[in-house]
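1. here's a sequence, model it:
(chains A and B)
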Amino acid sequence: MLKLYNSYSNSLEEVELNKKQVKIYLCGPTVQSSPHLGHGRSAVVFDFLVRYLKYLEYKVIFVRNITDIDDKIIEKSFEENISYAELGTRVSKEFHNAYEELNCIDPDKEPKATEFIDHIIKYIKKLIENKFAYVTKSGVYYEISKFDDYLLLSGRTKDDVVSGTRVEIEEDKKNPEDFALWKFSQEDEPYWESPWGNGRPGWHIECSSMIEAILGKTIDIHCGGNDLIFPHHENEIAQSKGAYPNEKFVNYWLHNGMLNLSGKKMSKSEGNIKLLNDYINEFDGQVVRFFFLKSQYRSPQEFSLDLLKESESTLNNLIEFTKGVNPEPKNEKVLSIFEESMNEDLNTAKMLGDLFKLINEADALEEQKLKDLKSTIKFVFNVLGFELIKKDTNRKTKDELIEFFNEYDIKFGDIDQAVNEFINIRESLRKKKDFNSADKMRESILDIGISIEDGTYSGWSWKTS
RNA sequence: GGCGACGUGGCGGAGUGGCUACGCAGCGGUCUGCAAAACCGUUUACACGAGUUCGAUUCUCGUCGUCGCCUCCA
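-> Coordinates of the predicted model:
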């Protein structure tokens, strides 16, 4: 039985979902600057969720939005002297590239705020009709005091929020804590026409509106980073309940933990951001993905280069262990470890530990059982979006390879042939006990990412690293 | 200040009222011309103080510390 931690009830709940249709919405990025590792974590951990639900044979409808208009985007586009749309398109591409490298499955729908302006306007109209919103000289605002259940998600009191309010207080707001649904545009700012004046949507309204437009009034699971709990998700609830007071908005709220750098949250405001693409390029999307697997999704997770290297080692060891078998669900123990761990609020860290316990006992197994163990581990990792295949991270060009092998009078045809000839030359040196030269060759071929391992019984083997 | 989370071995990170997770790194060994890989072995941690208990890292209270949110954030 799948249990998930629901932020709304602050407790682990046995989830009840309809096999035929599970509606999931994940708050995606504001496309204002390049994706960082925190964005990666959110995308990957909820990708684990979606993949696991599919494994359990739920029919999932997965929506992840793109916020392509907001204050920051406008500000940034002014700085760069390009349009908000140009900036948004460019950054969206970077996000898509990163998602692909991380092997996150594409959402069924990926709505953009600017594509739903009409619907957003209708939504705001409804809120005004329902007396939850009012119009001023600067925009349209949601009136918090009209919504009794405000702050049930974050567990605050309204007094806390008022005292902590740090946003510039608009003169014409009824209460400082009221938030904008529609902001009238200033000079030069992009705008859309509305019944109240030219402007743009506020940050929170797009999610309520797009969820309704695409998934309907009630969804099963709403995900996002835990830094969105307040105010973003709190305001989404206020909007959705304001528009449809008698409908349940979200059944399960899931929030992932933040990524820390030396104990501090990685965030735009802290300025301690590590860009996703840097690490995807240096390592491999799968290594970064595996890094996220090593921690339970709600825990804060510590990031450092060394920890990423550690992930690479661990992943490579798993790849070595499962080498030469096809992914198949054969070993019951592995499958039960997988399901029991995932059922406990997607405890991927526990799963990994328990699987390694089995691997450590594997030497005692007879051949077929060992093979089944490997197959099943490979299968389970496939379900979670890993290939367990060594990726060729060697970025040498063909010309560089030709040049390298030329040094040893080897004509480069393909890599296997060239390496074989290389090894043969080296073997003859070893036979002549010219170990100095042989060791030099072994050393030099590391430059093109190949390590040669001499074995007593099997002669030698080579593998790319 | 308010609300919340957390403090586990060198680092990371699960978990449990009693059965020394696990990973990575390190160290020793087998093997090897050497190295690597592989395999074997190895370093017995749960902030501190008190309480409950036959027994607490796990429950309760207190202390100290760290972190998050308090309308920018995945």
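
2. now the strands for the stretch 1-150 of chain A?
-> For the stretch 1-150 of chain A, the strands defined by DSSP state E, counting those that start in this stretch cover A:3-6, A:11-14, A:22-26, A:60-64, A:133-135, A:139-142.

3. does stretch A:356-368 reach RNA strand B?
-> Yes - using C-beta under 7 Å from any atom of the strand, stretch A:356-368 reaches RNA strand B at A:Phe356, A:Lys357, A:Ile359, A:Asn360, A:Asp363. Heads up, the C-betas are built off the backbone N, CA and C, glycines and all.

4. out of those, list just those in strands.
-> Using DSSP state E, no member of the residues of stretch A:356-368 next to RNA strand B falls within strands.

5. so which of these is the most crowded?
-> A:Ile359 (17 neighbours; other C-beta atoms under 10 Å).

6. could you find the closest non-adjacent residue to that residue?
-> Leaving aside its sequence neighbours, A:Ile359 sits nearest to A:Phe321 (C-beta to C-beta, 6 or more residues apart in numbering; 6.0 Å).

7. quick check: phi and psi on the one you found?
-> Torsion angles at A:Phe321 (phi, psi; degrees, to the nearest 10) stand at phi -60, psi -40.

8. report pLDDT for it.
-> Note on A:Phe321: pLDDT of 91.

9. next structured bit after the lowest-mean-pLDDT helix or strand in chain A?
-> Lowest by mean pLDDT, DSSP states H and E among the helices and strands of chain A is helix A:158-164, with a mean of 64. Using DSSP states H and E, the next helix or strand after helix A:158-164 towards the C-terminus is strand A:179-184.

10. sorry, back to before: correct me if wrong: the residue nearest to A:Ile359 contacts A:Phe356.
-> No - contact between A:Phe321 and A:Phe356 fails when scored by C-beta atoms under 8 Å: they sit 9.6 Å apart.

11. and the closest residue to RNA strand B within the stretch 201-350 of chain A, how many neighbours?
-> Residue nearest to RNA strand B within the stretch 201-350 of chain A (C-beta to the nearest atom of the strand): A:Gly225, separated by 1.9 Å. By other C-beta under 10 Å, 21 other residues sit near A:Gly225.

12. which residue packs closest to A:Phe230, ignoring adjacent ones?
-> Computed as C-beta to C-beta, 6+ apart, the closest residue to A:Phe230 that is not its neighbour in sequence is A:Ser154, at 4.2 Å.

13. actually A:Gly202, sorry about that
-> A:Ala180 is the one closest to A:Gly202 (C-beta to C-beta, 6+ apart), at 3.8 Å.

14. ok, that neighbour - contacts?
-> If you count contacts by C-beta atoms under 8 Å, 6 or more residues apart in numbering, A:Ala180 has them with A:Gly139, A:Val140, A:Tyr141, A:Tyr142, A:Gly202, A:Trp203.

15. near RNA strand B too, which of these?
-> Among those, RNA strand B is touched by A:Trp203 when using C-beta under 7 Å from any atom of the strand.

16. got the domain boundaries for chain A?
-> A:3-260, A:302-383, A:398-464 (automatic domain parsing).

17. most tightly packed of those?
-> Comparing those by mean neighbour count (mean count of other C-beta atoms under 10 Å), domain A:3-260 ranks first with a mean of 18.

18. thinking again about what came up before, my read is that the residue of the stretch 201-350 of chain A closest to RNA strand B contacts A:Met258, right?
-> Yes - when contacts are counted by C-beta under 8 Å, A:Gly225 is listed as touching A:Met258 (6.8 Å).

19. how about the residues of the stretch 1-150 of chain A by RNA strand B?
-> Counting by C-beta under 7 Å from any atom of the strand, the residues of the stretch 1-150 of chain A that sit close to RNA strand B are A:Asn10, A:Cys27, A:Gly28, A:Pro29, A:Thr30, A:His36, A:Gly38, A:His39, A:Arg41, A:Ser42, A:Lys72, A:Ile144.

20. now the residues you listed as TSV including pLDDT?
-> TSV is the format used below for these (pLDDT from 0 to 100):
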residue	pLDDT
A:Asn10	86
A:Cys27	95
A:Gly28	94
A:Pro29	95
A:Thr30	95
A:His36	95
A:Gly38	95
A:His39	96
A:Arg41	96
A:Ser42	96
A:Lys72	92
A:Ile144	91
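
21. among the strands of the stretch 1-150 of chain A, show the one with the smallest mean pLDDT.
-> strand A:11-14 (a mean of 89).

22. that one packs against which elements?
-> strand A:3-6 (3 or more C-beta pairs under 8 Å, 6 or more residues apart in numbering; DSSP states H and E).

23. now for the strand it packs on, which elements pack on it?
-> strand A:11-14, strand A:250-256.

24. so after the longest one, what's the next helix or strand?
-> Tracing the chain C-terminally past strand A:250-256 and defining elements by DSSP H and E, one meets strand A:259-261 next.

25. what's the closest non-adjacent residue to A:Lys382?
-> In this structure residue A:382 is Asn, not Lys. A:Pro327 (4.7 Å).

26. can you say which helix or strand has the one you found in it?
-> Using DSSP H and E, A:Pro327 sits in no helix or strand.

27. ok, it touching A:Leu384?
-> No - applying C-beta under 8 Å as the test, A:Pro327 and A:Leu384 come out as separate, 11.4 Å apart.

28. good, wrapping up.
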